[in-house]
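> Give me coordinates for this.
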Amino acid sequence: MQKTVFLFLVLTFVFSCNNVKKDEPDSENQPLTLNEMIAFAHGIEHWDEVEELHFTFNVNRGDTHSERSWIWKPKTDDVTLFRNGDTLHYNRKNLDSISLQADPGFINDKYWLLAPFNLVWDEGTTFSQKDSVRAPISNKTMQQLTVTYGDEGGYTPGDAYDFFFENDFMIKEWIFRKSNDTLPSMITTWEDYKDFDGIKIATMHQNPEGTFKLYFTNIEVITSNE
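Numbers count the residues shown, from 1 in each chain. Model prediction:
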């Protein structure tokens, strides 16, 4: 029988983001914005059917490997963490001192998994776009959407993310800039997309040097149709 986690240290090599949802766009009454088009390209219209989301977050840095697994029930915001043989259950609407140590890791890992949806879900954001730029890894000409988070709220306020995509609106690369710095804090690919009942998830992210790999395994999307 697994024991409950009493201490959880957020991994230092990852970043976190806000997790405040807002209403999804009403595509029947108004044109979609660019962030909405990206979210829909990745399948956000299927999100309301999701009852549970299971995934394992993996990071390879040099010769080291770290991982943690999650089960999230988005309708109730119940979260279960599995790490190093320990288990922690909590609800994001009722965080205590123990779950507050785990929750930044959940928000971070979920953001890597579902960032295209967060472009619609998150409040307190501002957007800017460029029509023709060189992507940082492939050097291909792509479009760029930058999202900047407000200075208040969330676990890492003020951060910025540059998303690079082509005409299909699928994210191919991105830049994370901590505290909206002009210099990149991290650059990775978005690749190895897989389709889970219409929800398209990039399962692999790598830096340009190939010394850092962040990837997802054991992904399971349980919907109300099952």
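> Any idea which residue is closest to the centre of the chain?
Tyr111 (1.8 Å; Cα atoms, centre = their mean).
> Now do whatever helix or strand that residue lives in: distance to the chain's middle.
In the assignment (DSSP states H and E), Tyr111 maps to helix 99-121. In terms of Cα atoms, centre = their mean, to the nearest Å, the centre of helix 99-121 is found 5 Å from the chain centre.
> List the buried residues in that helix.
Of all the residues in helix 99-121, those buried under the rule 16 or more other Cβ atoms under 10 Å are 99, 101-121. Quick note: C-beta positions are derived from backbone N, CA and C, even for glycine.
> Tell me where the model's unsure across the chain.
Residue ranges of the chain with pLDDT under 70: 1-28, 153, 226.
> re the thing from before, could you list the paired strands of the helix or strand following the helix holding Tyr111 along with their orientation?
Using DSSP H and E, the helix or strand that follows helix 99-121 in sequence is strand 125-134. In the sheet, strand 125-134 lines up against strand 141-149 (antiparallel) (DSSP bridges).
> I would like the residues contacting the partner strand, please.
With Cβ atoms under 8 Å, 6 or more residues apart in numbering as the test, strand 141-149 has contacts from 17-18, 34-35, 38, 119, 122, 124-135, 156-166, 172-173, 180.
> measure the residue nearest to the centre of the chain to Thr141 for me?
To Thr141, Tyr111 is 27 Å away according to Cβ to Cβ, to the nearest Å.
> before we move on, the earlier item: surely the residue nearest to the centre of the chain touches Asn118?
Yes. Counting by Cβ atoms under 8 Å, Tyr111 does reach Asn118; the two are 6.0 Å apart.
> With adjacent residues omitted, what lies nearest to Asp168?
Once flanking residues are discounted, Asp168 sits nearest to Ala41: 6.3 Å by Cβ to Cβ, 6 or more residues apart in numbering.
> Which residues are in contact with the one you found?
Counting by Cβ under 8 Å, 6+ apart, Ala41 makes contact with 116, 168-170, 200.
> Could you check how far it is from Ala115?
Remark: distance between Ala41 and Ala115 (Cβ to Cβ) = 13 Å.
> Okay, and the beta partners of Val133?
Per DSSP bridges, the residues bridged to Val133 are Met142.
> can you pull the contacts of it?
Counting by Cβ under 8 Å, 6+ apart, Val133 has contacts 141-144, 164.
> Which one of those residues is nearest to Asn91?
Phe164 (35.7 Å; Cβ to Cβ).
> Fine, thanks again, bye for now.
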